[in-house]
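In: My questions concern the predicted model and sequence given below.
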Amino acid sequence: MNPVIGLDISKGQSEGQAFLSKGQPYGRSFRFLHTLEGFKDLLGTIQDVRNKTGSTPVFILESTGHYHQAVVQFLESNEFLYLVINPLISHQAKKSSLRKVKTDAVDAYQLCELYYKEEFETQKQRGIGLLNLRHLTRQHESITHMYVQAKLHFQAVLDQVFPDYRGIFGDLYSTVSLSVLREFPTSKMILGAGLTKLTDRIACLCPRRSENWASEKAKTILKAAVNNPFQETAYSSHLVSIGLYINLLLQYQEHLSHLEKKIDALAKEVEEFRIIQSIPGIGSNIAATVLSEIGEINRFNHAKKVVAFAGVDPSVFSSGKFTATTNRITKRGSKQLRHSLYLAVICGLKNSRNKKLREYYDKKREEGKPYRVAVVACINKLLHWIYAILTKKE
């Protein structure tokens with residue numbers, strides 16, 4: 001007997017179907033909630049299948065973002081064997097049926113049938129350390145995206161309130177720059193404050209700089225305020241928006257700084273973090289993302305599988321006598337890993353920092369490859385180097 005339980009995961013609950021062996025479904029489908037009581041009901045079903053077959057069933061389920069994590073944690077804590085498959089695989093299997101039926105019960109049933117048709121590799125559990133690192137790096141990427149969007153909206157409002165404020169400070173988004181603008185958002189407020197008050201405020205916000213530096217910045221701000229075409233803002237809503245975006249930007253900076261410290265601390269606990277940075281063009285941030293996305297390198301037995309996992313392997317299309325000569329990359333892997341590798345290649349090619357990569361890029365360009373094709377080829381080459389380094393740990 002080779003029992004299996006297929007689980008169709010949804011938000012807060014799952015539909016299950018048990019098979020005692022190939023072609024032998026056990027009872028009807030069952031539903032359980034992702035709660036303690038629901039998992040107790042699932043344990044009862046598992047025990048029934050165990051009594052019927054004499055062996056513990058294997059679980060098969062689709063990867064569903066974060067909805068399946070509660071079920072996976074339950075299975076791991078009880079040491080049950082489970083398989084998490086790509087939804088693309090199960091979707092293709094469903095197309096083989098002539099009838100068009102879509103219910104949770106049918107999906108769970110078809111997962112069981114798929115288990116007996118295909119030979120799946122045993123699910124290799126990810127280490128907690130690298131999973132934590134992956135969660136933090138993805139959170140950092142998400143907040144960075146929101147931070148960039150807030151910058152763009154802030155600039156649009158600033159151009160309608162105080163356009164000459166740009167360039168006064170070396171970094172428009174520094175704490176000193178944003179804090180001064182939050183207190184004195186209009187030319188009228190700045191001219192009313194005067195040189196002495198502005199100098200004292202800037203010196204207070206940036207005590208590491210000299211009094212002369214604060215005085216020069218205050219004079220520059222006053223000069224910009226005099227030349228500002230918007231002496232008085234016609235729309236009070238712009239002032240509200242300026243204050244809102246400044247608070248958002250400062251909060252995002254604080255959150256990103258906190259995440260970077262946590263990521264750096266976690267990454268330093270991983271041995272490969274230092275080794276992978278030996279590749280020119282890969283810094284600490286890229287190294288942390290690459291390691292967290294790839295995970296344990298022993299999950300892959302060949303560098304080509306890592307390339308496919310990153311989604312930079314070329315697609316293939318051939319039918320009859322026709323074979324496509326222009327094939328795009330699949331982009332079916334981790335987009336975070338793909339983006340980090342792209343940045344690593346760009347950094348490596350800049351100023352020929354990575355000489356071997358630069359030579360490979362120039363070779364592809366001399367062969368007539370377009371820029372993007374040559375960059376993707378460099379990403380592929382870089383992944384082979386990373387696989388060798390992580391495998392040999394040197």
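Out: Looks like it came in fine. Numbers count the residues shown, from 1 in each chain.
In: Look at A70 and report its pLDDT.
Out: Looking at A70, its pLDDT stands at 90.
In: That one - how many residues pack around it?
Out: Per other C-beta atoms under 10 Å, the neighbour tally for A70 reads 17. Glycine gets a C-beta too; all of them are placed from N, C-alpha and C.
In: Look at it and tell me its secondary structure.
Out: Of the three states, A70 takes helix under DSSP: H, G, I helix; E, B strand; the rest coil.
In: now it, nearest residue through space, not along the chain?
Out: H34 (4.4 Å; C-beta to C-beta, 6 or more residues apart in numbering).
In: what residues are up against the one you found?
Out: Listed by C-beta atoms under 8 Å, 6 or more residues apart in numbering, the contact set of H34 reads G12, Q13, S14, A70, V71.
In: Do you have the helices of the stretch 251-394 of the chain handy? List them.
Out: Here the stretch 251-394 of the chain has its helices, by DSSP state H, counting those that start in this stretch, at 271-276, 284-294, 303-310, 335-349, 355-366, 371-392.
In: which one of those is the most hemmed in?
Out: Burial of these is given as mean neighbour count (mean count of other C-beta atoms under 10 Å); helix 284-294 ranks first at a mean of 23.
In: Centre of the chain to that helix, how far?
Out: With C-alpha atoms, centre = their mean, to the nearest Å as the basis, helix 284-294 stands 10 Å off its chain's centre.
In: model confidence over it, on average?
Out: The model assigns helix 284-294 a mean pLDDT of 93.
In: now swap in stretch 179-193 and tell me
Out: The predicted model assigns stretch 179-193 a mean pLDDT of 91.
In: cool, and stretch 377-387?
Out: For stretch 377-387, mean pLDDT is 95.
In: so where is the stretch 101-250 of the chain shaky, pLDDT-wise?
Out: 101, 121-126 (pLDDT under 70).
In: Show me where it has its helices.
Out: According to DSSP H, counting those that start in this stretch, the helices that the stretch 101-250 of the chain contains are 104-117, 128-158, 175-183, 187-205, 211-227, 236-267.
In: Tell me the buried residues in the fifth one?
Out: Residues A214, S215, K217, A218, T220, I221, L222, A224, A225 are the ones in helix 211-227 that count as buried (16 or more other C-beta atoms under 10 Å).
In: out of the residues you listed, which one sits closest to A288?
Out: K217 (36.0 Å; C-beta to C-beta).
In: Pull the contacting residues for that closest one.
Out: I168, F169, I202 are the contacts of K217 under C-beta under 8 Å, 6+ apart.
In: please redo it, this time with the cut-off set to 7 Å
Out: With contact set as C-beta atoms under 7 Å, 6 or more residues apart in numbering, K217 has these partners: I168, I202.
In: mind checking how far it is from R201?
Out: K217 is 10 Å from R201, where distance means C-beta to C-beta, to the nearest Å.
In: again, but for M1
Out: M1 sits 78 Å away from R201, taking C-beta to C-beta as the criterion.
In: Which of the two has more residues huddled nearby?
Out: When M1 and R201 are compared for neighbours, R201 comes out ahead with 18 against 13, by other C-beta under 10 Å.
In: Enumerate every residue touching that one.
Out: Counting by C-beta under 7 Å, 6+ apart, R201 touches V180, E183.
In: mind redoing it with 10 Å?
Out: By C-beta atoms under 10 Å, 6 or more residues apart in numbering, the contact set of R201 is V176, S179, V180, E183, F184, A193, A214, A218.
In: ok, which pair from these is furthest apart?
Out: V176 and A193 (15.5 Å).
In: Could I get the contacting residues of Q336?
Out: Residues counted as contacts of Q336 (C-beta under 10 Å, 6+ apart) are R134, T137, R138, E141, T289, V290, S292, E293, A310.
In: In TSV, list the residues you listed along with distance to G54.
Out: Formatted as TSV, those follow (distance: C-beta to C-beta, whole Å):
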residue	distance to G54
R134	39
T137	45
R138	43
E141	48
T289	46
V290	45
S292	41
E293	41
A310	43
